[in-house]
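>>> Please find the sequence and the predicted model below.
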Amino acid sequence: MRTLVIADIHGNFPALEAVLATPEAAACQRIISLGDQVNFGPQPREVMARLTALNAIMLRGNHEERLLQVNAPEYAGYNWVLQRWTHRQLTGVPLDHPIDYAEGRKLFTHGTPGEPFHLIETHEVPAQLEQLPAGVTHLFSGHNHFPWLVEHRGRTACNPGSLGMLEDGTGGSAPFVVMEEEGDRINLTRHKIPYDTAALKRAFITTGCAAAAPQMARIVLHTMLTGEYQATLKMVRFIASLGDLGNEAVWQKADALYPWRERLSTAEYWKNLEEELL
Ligand SMILES: [Fe+2]
């Protein structure tokens with residue numbers, strides 16, 4: 001049996017469509033998605049509809065976990081405006097998927113087993129493998145948007161990398177893994193393909209995502225186009241250094257000072273993109 005293993009789509013529908021259109025994905029009998037199917041990107045509803053139609057096994061990432069608690073007081077500030085927009089797009093769409101999925105000697109999760117928020121760094125992967133329950137030889141996880149395939153003392157850890165928001169320095173590309181099982185053998189192959197970035201840019205504008213959360217949507221698109229590692233976190237830290245993240249005025253002040261690659265205000269950036277694409 002062949003399984004398509006994907007992670008962290010983050011509402012990037014053109015990237016998902018490109019992966020599904022590959023012969024490698026078409027040869028798979030099923031899909032396992034390791035969480036963070038949505039949030040950040042502009043087409044969460046389309047992503048969920050496609051995965052649901054394909055009967056994908058979906059796990060709950062930290063972003064689904066947050067969306068399930070979107071009305072909690074800690075998510076009321078301006079820094080969560082993109083999350084609230086995503087939540088509105090997903091009315092009626094179930095997000096309470098299981099946190100882990102165990103199957104024989106394989107364990108699938110988002111961060112670490114039972115902990116969708118727990119981020120594993122590359123150098124911590126061997127130690128994580130040593131902590132696995134007896135009988136588990138293969139751990140599949142996402143959350144860290146950087147991919148890995150690590151073998152350690154007879155066990156294997158696989159992070160396919162973020163399909164929709166890959167942070168390995170290559171922009172506009174979508175990674176995935178094909179798992180082939182035959183008898184006792186588990187064979188993993190990694191792939192990475194380009195996708196339609198013009199369609200992605202257009203979606204940020206036409207869906208209203210960019211208008212709802214201009215600065216956050218801009219840094220998300222920047223990450224998707226460049227693969228810059230933790231660009232979102234860097235921007236948020238910069239804004240936090242100027243004041244309260246929940247205050248829109250602080251974001252406006254930061255926007256004027258932030259070293260954007262395109263030396264434009266965020267309002268100008270989206271206006272230019274709109275004129276270029278629509
Ligand atoms: Fe993620």
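Perfect, thanks for sending it.

>>> wait, what's in contact with the residue nearest to residue 165 when sequence neighbours are not counted?
Nearest residue to residue 165, sequence neighbours excluded (Cβ to Cβ, 6 or more residues apart in numbering): residue 10, at 4.6 Å. Every residue, glycine included, has its C-beta placed from N, CA and C. By Cβ atoms under 8 Å, 6 or more residues apart in numbering, the contact set of residue 10 is 36, 37, 38, 39, 40, 41, 63, 162, 163, 164, 165, 220.

>>> tell me the SS of the first one?
Each residue gets one of three states, and residue 36 gets coil by DSSP: H, G, I helix; E, B strand; the rest coil.

>>> Not counting its neighbours along the chain, what's nearest it?
According to Cβ to Cβ, 6+ apart, the nearest residue to residue 36 is residue 61 (3.4 Å).

>>> how much space between that neighbour and residue 40?
Separation of residue 61 from residue 40 (Cβ to Cβ, to the nearest Å): 11 Å.

>>> residue boundaries of the strands in this structure?
2-6, 30-33, 57-58, 100-103, 106-109, 138-140, 148-152, 155-159, 173-182, 185-194 (DSSP state E).

>>> do you know which of those lies nearest residue 89?
Of all these, it is strand 57-58 that lies closest to residue 89, at 16.6 Å by Cβ to Cβ.

>>> Strand partners (parallel or antiparallel) of that closest one?
strand 30-33 (parallel) (DSSP bridges).

>>> Tell me where the stretch 51-200 of the chain has helices.
62-68, 81-89, 125-130, 197-206 (DSSP state H, counting those that start in this stretch).

>>> which one of the ones you listed has the lowest average pLDDT?
Of all these, the minimum mean pLDDT falls on helix 125-130 (a mean of 94).

>>> So for stretch 108-115, mean pLDDT?
Mean predicted lDDT for stretch 108-115 stands at 96.

>>> Kindly report the same for stretch 28-45.
98.

>>> just the CA coordinates of it, formatted as PDB?
What follows is stretch 28-45, C-alpha atoms only, in PDB (Å, rounded to 0.1, in the frame of the first residue of the first chain):
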ATOM      1  CA  CYS A  28      -1.300   6.500  -3.400                       C
ATOM      2  CA  GLN A  29      -4.300   4.700  -2.000                       C
ATOM      3  CA  ARG A  30      -4.700   7.100   1.000                       C
ATOM      4  CA  ILE A  31      -3.600  10.400   2.500                       C
ATOM      5  CA  ILE A  32      -2.500  11.200   6.000                       C
ATOM      6  CA  SER A  33      -2.300  14.900   6.900                       C
ATOM      7  CA  LEU A  34      -0.300  15.600  10.100                       C
ATOM      8  CA  GLY A  35      -2.200  18.700  11.200                       C
ATOM      9  CA  ASP A  36      -2.300  22.500  10.600                       C
ATOM     10  CA  GLN A  37      -4.400  21.900   7.500                       C
ATOM     11  CA  VAL A  38      -5.600  25.500   8.000                       C
ATOM     12  CA  ASN A  39      -4.700  29.000   9.200                       C
ATOM     13  CA  PHE A  40      -2.300  31.500   7.800                       C
ATOM     14  CA  GLY A  41      -3.100  30.800   4.100                       C
ATOM     15  CA  PRO A  42      -6.100  32.200   2.200                       C
ATOM     16  CA  GLN A  43      -8.100  29.100   1.300                       C
ATOM     17  CA  PRO A  44      -8.800  27.100   4.400                       C
ATOM     18  CA  ARG A  45     -12.300  26.100   3.200                       C
END
